[in-house]
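In: Show me the folded form of this:
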Amino acid sequence: MKMLRLLSLLLPALSALSCAQGTPAPYGALPTPAQVAWQRMEMNMFVHFGPNTFSGKEWGDGTEPEDMFHPTALDCRQWARTARDAGFRGIILTAKHHDGFCLWPNPESAHTVAQSRWRDGRGDVLRELSDACREYGLKFGVYISPWDRNDPRYGSPAYNDAFVKTLESVLDGRYGPVYEQWFDGACGEGPTGRRQVYDWPLFNGTVARLQPDAVIFSDAGPGCRWVGNERGVAGETSWSTLNIEGFSAGAGAPPIDTLTRGNVGGAAWVPAETDVSIRPGWFWRASENDRVKSLQHLLKIYYESVGRNSLLLLNVPPDTCGRIFATDSLRLMELRAALDTIFAEDLAAGARVHATARRGRAFRPALLLDGDPDTYWAAREGDPAPEVTLSFPSPVTFNRIVLQEYIPLGQRIASFRVEAQDEAGEWNALASGTTVGCKRILLTPRTTARALRLRIDASLATPLLSGLSLYDDRIYAE
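Out: The predicted model follows:
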């Protein structure tokens with residue numbers, strides 16, 4: 001009898017031990033710590049500023065006189081303050097656009113702020129912005145176009161060496177850490193009438209040498225990729241992995257559909273970045289002051305970029321004074337207020353969480369609700385279709401479902417479904433999708449449910465989820 005009693009006490013512990021498994025093994029291409037931090041930023045500000053601000057052009061031809069650049073009241077602290085208050089985590093400035101004009105005193109060029117009358121040739125926009133970013137707790141990034149319509153060396157081997165020196169004059173630490181180096185792949189004729197063959201391995205290697213934590217953007221990465229459009233729309237299917245072998249920025253980029261969707265099981269971790277302007281154009285024009293995107297349009301962009309495993313890079317161009325225009329700033333504050341309201345209350349908080357198979361306490365289902373992206377629920381190895389169910393103390397009403405994978409160990413989920421249990425106890429299909437990634441936001445009809453069930457139908461490896469939350473959006477009208 002004593003033996004039977006001992007066995008009865010041991011059986012639950014043995015059962016729990018049989019369910020417990022170790023830390024899941026990494027799967028496939030993995031992000032660097034810098035890439036993980038980059039994806040979790042969610043929203044950053046793009047700033048197009050330069051001679052085009054004053055000429056009204058989108059692409060200058062490189063013949064603009066240096067004195068054309070003359071902001072009368074440049075205030076990079078206003079940019080940074082606006083960005084911070086809008087919820088952006090970083091700013092990327094067009095330090096050199098295709099016209100070749102440099103917003104810093106680049107010793108490798110004769111077409112810079114040092115040759116302009118602005119601040120008697122002693123100005124440096126990069127210095128002022130990098131200082132402002134540090135003051136307001138933002139990360140600092142730069143756009144430096146390899147196309148140069150002013151430099152007479154463009155179109156010759158000597159230009160690639162000159163461009164490396166240009167990169168060095170920004171990335172050598174004088175402006176502090178650079179979180180993202182943005183490379184536009186545009187390539188055209190220079191003042192000599194010749195096209196340049198860019199040495200991308202040399203350019204990327206220079207960035208890696210000087211700023212090893214910088215995420216390098218281009219059509220083909222290697223740090224992050226263009227999403228394939230400038231409308232603010234990421235793919236419904238959005239893999240952070242991409243096959244980049246044999247591709248390069250610009251004309252040698254992967255097909256647009258591949259850039260938008262990524263490659264399932266791709267060999268490299270190259271997540272999508274969605275760049276779009278708050279105005280019709282990229283540079284400020286007075287004629288577009290009444291054409292700033294509406295709040296509804298910006299919310300749509302947020303859901304279709306951040307909500308589809310992509311980082312949103314929203315362009316907000318300063319005016320000829322050197323300040324962000326009032327209409328743009330006010331719209332950004334409306335966006336921040338709307339997002340704060342929509343995501344103020346996680347309606348899944350307090351739910352009881354059950355999973356079909358346990359892996360152990362370190363990966364328990366309740367971690368889905370703790371709000372920490374570095375803790376996660378893991379299914380058991382070999383479970384073909386794991387499920388998670390949230391049971392609510394009382395019915396909840398929601399129309400947004402947020403899912404988050406634990407991406408440091410790879411992107412895994414390839415197909416899932418969500419069902420809601422109504423007040424009569426019936427389960428009804430509510431939403432479905434393919435990829436999740438860093439963040440996936442599902443827009444559903446407003447639903448009142450007693451319970452919610454997530455079914456993972458296909459996964460490249462054991463699924464790992466760090467978050468499952470519910471919200472009720474009463475602002476965005478689809």
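In: how about the helices in the stretch 201-350 of the chain?
Out: 256-261, 295-305, 326-342 (DSSP state H, counting those that start in this stretch).
In: And Asp472, how far from Pro393?
Out: 17 Å (C-beta to C-beta, to the nearest Å). Every residue, glycine included, has its C-beta placed from N, CA and C.
In: Which one's more surrounded, the two?
Out: Asp472 (15 against 9; other C-beta atoms under 10 Å).
In: quick one, domains of the chain?
Out: The chain breaks down into these domains under automatic domain parsing: 33-342, 346-471.
In: that older thread, for the helices of the stretch 201-350 of the chain, which one ends up most surrounded?
Out: Stretch with highest mean neighbour count among the helices of the stretch 201-350 of the chain: helix 295-305 (a mean of 20; mean count of other C-beta atoms under 10 Å).
In: Quick one: list the elements packing against that one.
Out: strand 272-277, strand 310-315, helix 326-342 (3 or more C-beta pairs under 8 Å, 6 or more residues apart in numbering; DSSP states H and E).
In: what lines up beside the helix or strand just after the longest one in the sheet?
Out: Using DSSP states H and E, the helix or strand that directly follows helix 326-342 along the chain is strand 352-355. Strand pairing for strand 352-355, determined by DSSP bridges: strand 387-405 (antiparallel).
In: Buried residues of the strand it pairs with, list them for me.
Out: For strand 387-405, the neighbour count (16 or more other C-beta atoms under 10 Å) marks 387-390, 392, 396, 398-405 as buried.
In: In a markdown table: the helices of the stretch 201-350 of the chain, plus mean pLDDT.
Out: Output for these, formatted as a markdown table (pLDDT from 0 to 100):
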| stretch | mean pLDDT |
| --- | --- |
| helix 256-261 | 98 |
| helix 295-305 | 98 |
| helix 326-342 | 98 |
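In: so which of those helices gets nearest Gly246?
Out: helix 256-261 (12.2 Å; C-beta to C-beta).
In: Using CSV, write out every CA atom in the closest one.
Out: Output in CSV follows, covering the C-alpha atoms of helix 256-261 (Å, rounded to 0.1, in the frame of the first residue of the first chain):
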residue,chain,number,x,y,z
ILE,A,256,9.5,42.8,-56.8
ASP,A,257,7.2,39.9,-55.6
THR,A,258,10.2,38.3,-53.9
LEU,A,259,11.1,41.6,-52.2
THR,A,260,7.5,41.9,-50.9
ARG,A,261,7.1,38.3,-49.7
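In: Go ahead and name everything in contact with it.
Out: By C-beta atoms under 8 Å, 6 or more residues apart in numbering, the residues outside helix 256-261 that reach it are 219, 225-229, 234-235, 237-239, 242, 253, 272.
In: Dig out what the spatially most central residue of the chain forms beta bridges with.
Out: Closest to where the C-alpha atoms of the chain average out (C-alpha atoms, centre = their mean) is Leu311, at 1.6 Å. Beta-bridge pairing for Leu311 (DSSP bridges): Glu273.
In: Let me know whether it touches Met45 as I believe.
Out: No. With contact defined as C-beta atoms under 8 Å, Leu311 does not reach Met45; the gap is 11.7 Å.
In: C-terminal to the helix or strand of the chain with the lowest mean pLDDT, what's the next element?
Out: Ranked by mean pLDDT, DSSP states H and E, the weakest helix or strand in the chain is helix 2-19, scoring a mean of 42. Toward the C-terminal end, the helix or strand that comes next after helix 2-19 (DSSP H and E) is helix 33-41.
In: what packs against that next one?
Out: Looks like helix 33-41 contacts strand 215-218, strand 310-315 (3+ C-beta pairs under 8 Å, 6+ apart).
In: wait, what's in contact with Gly56?
Out: Contacts of Gly56 (C-beta under 8 Å, 6+ apart): 283, 285.
In: How many residues are close by Pro255?
Out: 10.
In: Give me the distance between it and Asp219.
Out: Taking C-beta to C-beta, one finds Pro255 at 10 Å from Asp219.
In: Likewise for Gly307?
Out: Taken as C-beta to C-beta, the span from Gly307 to Asp219 is 23 Å.
In: next one: Gly193
Out: 25 Å.
In: With Asp457 instead?
Out: Taken as C-beta to C-beta, the span from Asp457 to Asp219 is 32 Å.
In: Name the residue in those two with the higher neighbour count.
Out: Neighbour totals were compared for Asp457 and Asp219, and Asp219 leads with 21 against 14 (other C-beta under 10 Å).
In: Excluding chain neighbours, give the residue nearest to that one in space.
Out: Ala253 (3.3 Å; C-beta to C-beta, 6 or more residues apart in numbering).
In: What confidence value was assigned to the one you found?
Out: Among the per-residue scores, Ala253 shows a pLDDT of 94.
In: Test my guess that it contacts Trp226.
Out: Yes. If you go by C-beta under 8 Å, Ala253 and Trp226 touch, sitting 7.5 Å apart.
In: Verify the contact between Asp151 and His111 for me.
Out: Yes. Judged on C-beta under 8 Å, Asp151 makes contact with His111 at a distance of 7.5 Å.
In: does the closest residue to Ile144 other than its chain neighbours have beta-bridge partners, and which?
Out: Residue nearest to Ile144 in three dimensions, not counting chain neighbours: Lys96, with 4.9 Å by C-beta to C-beta, 6+ apart. Beta bridges link Lys96 to Cys102, Ile144 when assigned by DSSP bridges.
In: ok now do Ala132, which residues does it touch?
Out: 76-77, 79-80, 138.
In: just to confirm, which helix or strand has it in it?
Out: Going by DSSP H and E, Ala132 is part of helix 125-135.
In: same question, Ala414
Out: Using DSSP H and E, Ala414 falls in strand 413-421.
In: What residues does Arg134 make contact with?
Out: 140, 176.
In: One more: Asn106?
Out: By C-beta under 8 Å, 6+ apart, the neighbours of Asn106 are 96, 112, 114, 166, 169-170.
In: Of the residues you listed - the most surrounded one?
Out: Result: Lys96 is most packed of the contacts of Asn106 (other C-beta under 10 Å), 29 neighbours.
In: Quick check: that one touching Val113?
Out: No. Using C-beta under 8 Å, Lys96 is not in contact with Val113; the gap is 11.0 Å.
In: which neighbours do those two share?
Out: 102-103.
In: circling back to that earlier point, ok, of the contacts of helix 256-261, which one's closest to Asp370?
Out: Ser238 (25.2 Å).
In: The stretch 51-200 of the chain: strands as residue ranges?
Out: With strands called from DSSP state E, counting those that start in this stretch, the stretch 51-200 of the chain shows them at 90-96, 139-144, 180-182.
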